[in-house]
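J.: For reference, the sequence and a predicted model appear below.
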Amino acid sequence: MDYKTYDSKISSMLEKIGNEASDKILDDVAVLLTDNQSMNESLKNKDEEIEKLKDNYSKLQKVNANLLLQIPAIKDEEIEKKKEIEQKTQTSFSWKDCFDEKGKFKN
């Protein structure tokens, strides 16, 4: 509820109960009005802060993504060596590769 609507509701209540009764509760109504204003200001400030934080969060996500794209892909030498060894051990053994046509060992 905005301030104008709140103020009009309070004024309407004061008119309905009359001058004598309104004088008795006027101080309480003033406190309520003041508290309502300060609460609305506080909520407005929190909303602005939330929007700033959301904006900063999205900017940080973009920056992180850009930084990750700039990191070069580095080959892990140990993994490459293991893969080479595995490939060498996986090749099939053939006796034909060891002997020539005359049945002698190949050099």
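T.: Alright, I've got the coordinates.

J.: which residues of the chain fall in helices?
T.: Per DSSP state H, the chain carries helices over the ranges 3-17, 19-70, 77-90.

J.: With mean neighbour count added, can I get the ones you listed in JSON lines?
T.: Where you see a C-beta, it was placed from the backbone N, CA and C, and this is true even at glycine. Output for the helices of the chain, formatted as JSON lines (neighbours: other C-beta atoms under 10 Å):
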{"stretch": "helix 3-17", "mean neighbour count": "12"}
{"stretch": "helix 19-70", "mean neighbour count": "10"}
{"stretch": "helix 77-90", "mean neighbour count": "9"}
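
J.: out of those helices, which comes closest to E101?
T.: Counting by C-beta to C-beta, E101 lies closest to helix 77-90 out of the helices of the chain; the figure is 26.4 Å.

J.: So which elements touch the closest one?
T.: With contacts taken as 3 or more C-beta pairs under 8 Å, 6 or more residues apart in numbering; DSSP states H and E, helix 77-90 sits against no other helix or strand.

J.: Can you give the distance of it from its chain's centre?
T.: Counting by C-alpha atoms, centre = their mean, to the nearest Å, helix 77-90 is centred 41 Å from the centre of its parent chain.

J.: Same check on stretch 5-15?
T.: The chain centroid and the centroid of stretch 5-15 are separated by 43 Å under C-alpha atoms, centre = their mean.

J.: just stretch 24-34 next, same as before
T.: Centre-to-centre, stretch 24-34 and its host chain are 43 Å apart (C-alpha atoms, centre = their mean).

J.: related to what we said a few turns ago, in CSV, list the helices of the chain along with mean pLDDT and distance to F99.
T.: Output for the helices of the chain, formatted as CSV (pLDDT from 0 to 100; distance: least, C-beta to C-beta, whole Å):
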stretch, mean pLDDT, distance to F99
helix 3-17, 82, 101
helix 19-70, 89, 55
helix 77-90, 76, 21
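
J.: Let me have these in TSV, adding distance to D97 as columns.
T.: What follows is the helices of the chain, written out as TSV (distance: least, C-beta to C-beta, whole Å):
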stretch	distance to D97
helix 3-17	93
helix 19-70	47
helix 77-90	14
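
J.: how about the residue nearest the centre of the chain, what does it touch?
T.: When C-alpha atoms, centre = their mean is applied to the chain, the residue found nearest the centroid is Y57 (6.0 Å). Contact analysis of Y57 by C-beta atoms under 8 Å, 6 or more residues apart in numbering lists nothing.
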